[in-house]
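*Asks:* Can you look at this prediction? I've put the sequence above it.
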Amino acid sequence: MSSKRVTVFVFFCVNLLPIPILAQDVFPIPIPFAHPDSPTVLQPFDVEERLKSVTDLLEDDESEEADAIDELKERLESLRTENSELALQNFLQAEQHKKQLQELQQEKEKLQLENDLQAERIRRDLSKLTAEKEQILLENELQGAKRTLALANLTAEKERLELENAVNEQRQKLAFAEIDAERAK
């Protein structure tokens, strides 16, 4: 029951009482148009007329409520339509995002595979280069060892030749000394 109906119903019930009631008894708050010292008596009224006016008010109220209900129904239908449209848009966007997500996932997997292949190539190339480097280092060490050995052999040969030269010089000196000694004799 709306607040307007309650007010009208209470007003109607109060006005139907057959005995005169002092306004101060019904309304404990002083009525602005009544003097506080003189009690105001409610005037008798025509029940039929009062009932008709109350019925008119209720009918007006019902027609206003019916109009309001119709407006609310239209608004509800409009909101349902709008909600359906938004739900469809959301669904379409969700499908689009799902498709984009799948495409991005496929692209990610493709790039990951390419990265893995490239990383494998780099590892192979690196191990190949490392093996070549080790081989070159070993060859360099071997060449260094050969040069050291050749240098040692040359040094030994030089010393042998120097010793032979020294021995030959000694022999020559001895031979010259013998020749000098024979000449001197």
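*Replies:* Perfect, I can see it now.

*Asks:* Does whatever helix or strand Lys128 lives in pack against any helices or strands, and if so which?
*Replies:* If you go by DSSP states H and E, Lys128 is part of helix 47-183. For helix 47-183, the packing partners by 3 or more CB pairs under 8 Å, 6 or more residues apart in numbering; DSSP states H and E come out as helix 3-15. Any C-beta I mention is one placed from the backbone N, CA and C, and that applies to glycine too.

*Asks:* and the helix it packs on, average pLDDT?
*Replies:* Mean pLDDT, helix 3-15: 46.

*Asks:* How about stretch 70-82?
*Replies:* The model assigns stretch 70-82 a mean pLDDT of 88.

*Asks:* do stretch 121-128 as well
*Replies:* 97.

*Asks:* swap in stretch 95-111?
*Replies:* So the average pLDDT for stretch 95-111 ends up being 97.

*Asks:* Likewise for stretch 154-172?
*Replies:* Computed over stretch 154-172, the average pLDDT equals 94.

*Asks:* hey, C-alpha coordinates of that stretch in PDB?
*Replies:* Output of stretch 154-172 as PDB, limited to C-alpha atoms (Å, rounded to 0.1, in the frame of the first residue of the first chain):
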ATOM      1  CA  LEU A 154     120.600 -26.800 -33.600                       C
ATOM      2  CA  THR A 155     122.100 -25.700 -30.300                       C
ATOM      3  CA  ALA A 156     123.600 -29.100 -29.800                       C
ATOM      4  CA  GLU A 157     124.900 -29.200 -33.400                       C
ATOM      5  CA  LYS A 158     126.400 -25.700 -32.900                       C
ATOM      6  CA  GLU A 159     128.100 -26.800 -29.700                       C
ATOM      7  CA  ARG A 160     129.400 -29.900 -31.500                       C
ATOM      8  CA  LEU A 161     130.700 -27.900 -34.400                       C
ATOM      9  CA  GLU A 162     132.200 -25.400 -32.000                       C
ATOM     10  CA  LEU A 163     133.900 -28.200 -30.100                       C
ATOM     11  CA  GLU A 164     135.100 -29.700 -33.400                       C
ATOM     12  CA  ASN A 165     136.400 -26.300 -34.500                       C
ATOM     13  CA  ALA A 166     138.100 -26.000 -31.100                       C
ATOM     14  CA  VAL A 167     139.600 -29.500 -31.500                       C
ATOM     15  CA  ASN A 168     140.600 -28.700 -35.100                       C
ATOM     16  CA  GLU A 169     142.200 -25.400 -34.000                       C
ATOM     17  CA  GLN A 170     144.100 -27.300 -31.300                       C
ATOM     18  CA  ARG A 171     145.200 -29.800 -33.800                       C
ATOM     19  CA  GLN A 172     146.200 -27.100 -36.200                       C
END
